[in-house]
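Asker: Got a predicted structure plus its sequence, pasted below:
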Amino acid sequence: MSIIAWLPAAAFAGLFVVMIARALATPRAAPPRALPPGTLDAFAGVEDKLAALVRVPTVSRFDPAEEDEAAFALFRAELARLYPTATARLLPADAGDRGILLEWPGSDRTLAPAIMTAHFDVVPPGDESDWESPPFSGDRSGGWVRGRGSQDIKVTLACMLEAAERLLLRGFTPRRTVYFAFGGDEETGGRRGAARIASELARRGVKASFLLDEGGVVADGMLPFADRPIALVGISEKGYVDVVMAAKGLGGHASMPPRHTAAGMIAKAVGAGEARRFPAVMTYTLSKFLAALAPYVPFGYRLLFRNLGVTAPLVKAAFSGSPSTNALLRTTAAATMLSASDKENVLPARARAVFNVRILPGSSVREALARLDRIASRFGATATFAHHGHANDPLPESPVEHEGYEAIGRAIAAAHPEAGVAPFMFTAATDTKHYGDVAGAMYRFAPIVQGPDDLSRIHAANERVSVENVRRCCLFYETLLGGM
Ligand SMILES: [Zn+2]
């Protein structure tokens with residue numbers, strides 16, 4: 001065999017050697033450390049303050065007439081009672097009836113501020129008979145704080161103020177100014193809370209270095225190939241739009257139908273929309289996520305994750321196979337609503353389908369709509385925005401090489417030393433979207449350990465958070481704010 005014939009094999013072998021070398025250059029992380037015994041004792045009792053906040057039924061609803069204004073007023077009073085030093089010494093700003101904005105002035109005005117956000121509204125409890133203890137009981141039995149809002153997300157709000165309270169009592173002043181920004185209508189869009197707070201910050205000319213909002217968690221038992229829990233710090237989130245595909249028909253009696261009815265046209269368009277998925281993209285977030293996981297995974301995965309220049313097609317193919325990983329790779333369009341004729345023997349004059357679309361960072365509402373419209377047009381249908389839906393482009397991805405990300409990493413190491421840290425894309429939407437003009441980098445992370453069972457309780461019955469989680473959460477914010 002000539003030497004030429006051997007060249008491709010030699011090149012392949014060479015490439016493989018380089019890939020192995022790159023994988024070997026990322027050593028496995030040292031075994032995880034446990035929190036030193038007694039570390040959390042200093043935080044005994046913080047869970048009772050969270051329970052008190054859970055007892056206030058700050059349910060937000062799309063119709064303001066159905067909301068309990070007294071509960072929202074009581075919530076503010078409870079904050080003053082539970083965190084007397086923080087609420088007296090931090091500077092309040094007028095942020096409307098659903099916004100709480102507190103400024104902790106820093107000693108070094110040359111440093112860009114940080115914004116700590118959370119929300120104090122909760123979703124309705126649903127059927128109360130599904131709950132083991134009443135949804136607003138703040139039941140503290142068995143090592144838990146139970147009730148609506150305990151996980152989502154009064155726990156972070158309580159611990160942010162607890163940390164500020166403790167640091168203030170110790171005479172601590174942060175170097176950079178810290179804003180606490182709490183919205184009271186996140187679950188219904190954030191226009192009265194976060195949007196109002198953001199416009200007040202903009203009016204003051206604030207341009208924060210970074211913002212920290214709810215989002216990822218310390219994921220336990222959710223990344224099966226990792227050897228430890230992984231703190232997933234959201235550095236991006238998907239955009240959102242509802243798209244209506246519609247087709248017109250002639251209507252009339254169904255005894256002599258045309259070859260294709262409006263219903264048939266829409267069915268074909270929906271089928272084509274499902275068959276032709278949006279393209280898979282190795283985003284900045286996904287490549288940084290996989291690179292950060294490399295120290296915690298077996299060698300085979302490390303080989304894949306450290307050589308994405310070569311292995312990206314393999315990773316894309318593997319991730320496309322399951323809904324949770326597929327959502328990290330591409331814009332998704334889920335057909336959710338269908339309608340056509342409302343009588344068995346009448347041809348539809350109009351048929352429609354609604355797609356709920358979650359847009360990958362780097363793309364846009366306009367791009368997603370144009371693609372669905374191209375598909376629809378092949379079947380005589382059109383795609384437009386849904387009238388009642390809202391639409392927002394994805395925010396830019398935030399960097400991992402950043403003082404904010406690094407500070408969050410140090411606080412995770414203090415409160416969750418057993419966990420690895422990785423950047424992540426958050427597939428739900430939060431209040432963060434309102435802060436694009438006043439914050440540079442935006443991170444989404446709640447410092448509590450959550451497994452699949454915990455996550456299934458969010459926005460569902462029997463929401464709860466463990467006492468240990470509450471205390472670790474407070475340790476996280478004390479470390480983070482104490483390092484500001
Ligand atoms: Zn939330």
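Answerer: Looks like it came in fine. Remember, it's a predicted structure, so these values are computed and weren't measured experimentally.
Asker: quick one: average confidence on the longest helix along the chain?
Answerer: Secondary structure of the chain per DSSP state H: the longest helix is helix 3-25. For helix 3-25, mean pLDDT rounds to 73.
Asker: Which positions within the helix or strand following that helix qualify as buried?
Answerer: Next along the chain after helix 3-25, taking DSSP states H and E as the criterion, comes helix 46-54. Within helix 46-54, the residues scored as buried using 16 or more other C-beta atoms under 10 Å are Val46, Glu47, Lys49, Leu50, Ala51, Ala52, Leu53, Val54. No exception for glycine: its C-beta is placed from N, CA and C like everyone else's.
Asker: need the contact list for Leu91.
Answerer: Counting by C-beta atoms under 8 Å, 6 or more residues apart in numbering, Leu91 makes contact with Leu102, Glu103, Trp104, Pro105.
Asker: For the third one, list the residues it contacts.
Answerer: So that's Trp104. Counting by C-beta under 8 Å, 6+ apart, Trp104 has contacts Leu90, Leu91, Ala164, Pro174, Thr177, Val178, Tyr179, Phe180.
Asker: Let's see that with 10 Å instead.
Answerer: Listed by C-beta atoms under 10 Å, 6 or more residues apart in numbering, the contact partners of Trp104 are 86, 89-91, 113-114, 116, 164, 167-168, 172-174, 176-180, 481, 484.
Asker: do you know how far it is from the ion?
Answerer: 23 Å (C-beta to the ion, to the nearest Å).
Asker: Residues contacting the longest helix of the chain, please?
Answerer: Taking C-beta under 10 Å, 6+ apart as the rule, helix 3-25 contacts 294, 299-307, 309-311.
Asker: related to what we said a few turns ago, closest to Arg472 out of the contacts of Leu91?
Answerer: Trp104 (22.3 Å; C-beta to C-beta).
Asker: Just list whatever residues bridge to the closest one.
Answerer: Trp104 has the following beta-bridge partners by DSSP bridges: Val178.
Asker: per-residue confidence for it?
Answerer: Looking at Trp104, the pLDDT reads 98.
Asker: and if you look at Ala181?
Answerer: 97.
Asker: so it, which of the three states?
Answerer: Per DSSP: H, G, I helix; E, B strand; the rest coil, the local secondary structure of Ala181 is strand.
Asker: is it true that it touches Asp431?
Answerer: Yes. Using C-beta atoms under 10 Å, Ala181 is in contact with Asp431, at 8.2 Å.
Asker: Now list whatever residues contact both of the two.
Answerer: With C-beta under 10 Å, 6+ apart as the test, Ala181 and Asp431 both reach Thr117, Ala118, His119, Gly193, Ala194, Ile197, Ala198, Leu211, Asp213.
Asker: any idea how the protein splits into domains?
Answerer: Under the assignment automatic domain parsing, the domains of the chain span 39-236+395-482, 238-385.
Asker: Of the ones you listed, flag the one that's most buried.
Answerer: domain 39-236+395-482 (a mean of 20; mean count of other C-beta atoms under 10 Å).
Asker: Now do it: distance from first to last residue.
Answerer: 16 Å (C-alpha to C-alpha, to the nearest Å).
Asker: Repeat that for stretch 212-225.
Answerer: 28 Å.
Asker: dump the residue contacts of Ser150.
Answerer: 47, 50-51, 53-54, 122, 135, 138-139, 144, 158, 457-458, 463-466, 469-470.
Asker: in the stretch 301-450 of the chain, what residue is nearest the ion?
Answerer: Nearest residue of the stretch 301-450 of the chain to the ion, counting by C-beta to the ion: Thr430, 6.5 Å away.
Asker: correct me, but that residue touches Leu212?
Answerer: No. If you go by C-beta under 10 Å, Thr430 and Leu212 don't touch, sitting 11.1 Å apart.
Asker: Are there residues contacting both of these two? Which ones?
Answerer: Joint contacts of Thr430 and Leu212 (C-beta under 10 Å, 6+ apart) are Thr117, Ala118, Gly234, Met442, Arg444.
Asker: thinking in terms of the whole chain, how far from its middle is whichever strand or helix holds Ala292?
Answerer: Using DSSP H and E, Ala292 maps to helix 284-293. Here helix 284-293 shows a centroid-to-chain-centroid distance of 16 Å under the convention C-alpha atoms, centre = their mean, to the nearest Å.
Asker: circling back to that earlier point, and the longest helix of the chain, what's buried?
Answerer: So helix 3-25, judged by 16+ other C-beta under 10 Å, has buried residues Met19, Arg22, Ala23.
Asker: Out of those, which is nearest to the ion?
Answerer: Ala23 (37.8 Å).
Asker: Flag the shaky bits of the stretch 301-450 of the chain, pLDDT-wise.
Answerer: Low-confidence regions of the stretch 301-450 of the chain, defined by pLDDT under 70, span residues 388-389.
Asker: try 80 this time
Answerer: Along the stretch 301-450 of the chain, segments meeting pLDDT under 80 span 387-390, 427-429.
Asker: residue boundaries of the helices in it?
Answerer: 308-319, 323-329, 365-377, 403-415 (DSSP state H, counting those that start in this stretch).
Asker: Any chance of a markdown table for the ones you listed, columns distance to the ion?
Answerer: Below are those laid out as a markdown table (distance: least, C-beta to the ion, whole Å):
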| stretch | distance to the ion |
| --- | --- |
| helix 308-319 | 26 |
| helix 323-329 | 19 |
| helix 365-377 | 23 |
| helix 403-415 | 18 |
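Asker: Which positions in this structure make contact with the ion?
Answerer: Residues of the chain lying close to the ion (C-beta under 5 Å from the ion) are Asp152, Ile153, Glu214.
Asker: Any chance of TSV for those residues, columns secondary structure and pLDDT?
Answerer: As requested, the residues of the chain next to the ion are exported to TSV (DSSP: H, G, I helix; E, B strand; the rest coil; pLDDT from 0 to 100):
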residue	secondary structure	pLDDT
Asp152	helix	94
Ile153	helix	95
Glu214	strand	95
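Asker: just the residues you listed now: which is nearest Arg366?
Answerer: The closest of the residues of the chain next to the ion, once distances to Arg366 are taken by C-beta to C-beta, is Glu214, at 28.1 Å.
Asker: What's the separation between the closest residue to the closest one other than its chain neighbours and Gly420?
Answerer: Spatial nearest neighbour of Glu214, chain neighbours left out: Ile153 (4.6 Å); criterion: C-beta to C-beta, 6 or more residues apart in numbering. Computed as C-beta to C-beta, to the nearest Å, the Ile153 to Gly420 distance reads 23 Å.
Asker: Just the strands from the protein, written as ranges.
Answerer: Here the chain has its strands, by DSSP state E, at 91-93, 99-104, 114-119, 144-146, 178-183, 208-219, 230-237, 239-248, 332-339, 350-359, 381-385, 420-426, 439-450, 464-466.
Asker: Closest residue of the stretch 201-350 of the chain to the ion?
Answerer: For the stretch 201-350 of the chain, C-beta to the ion, closest residue to the ion: Glu214, 5.0 Å.
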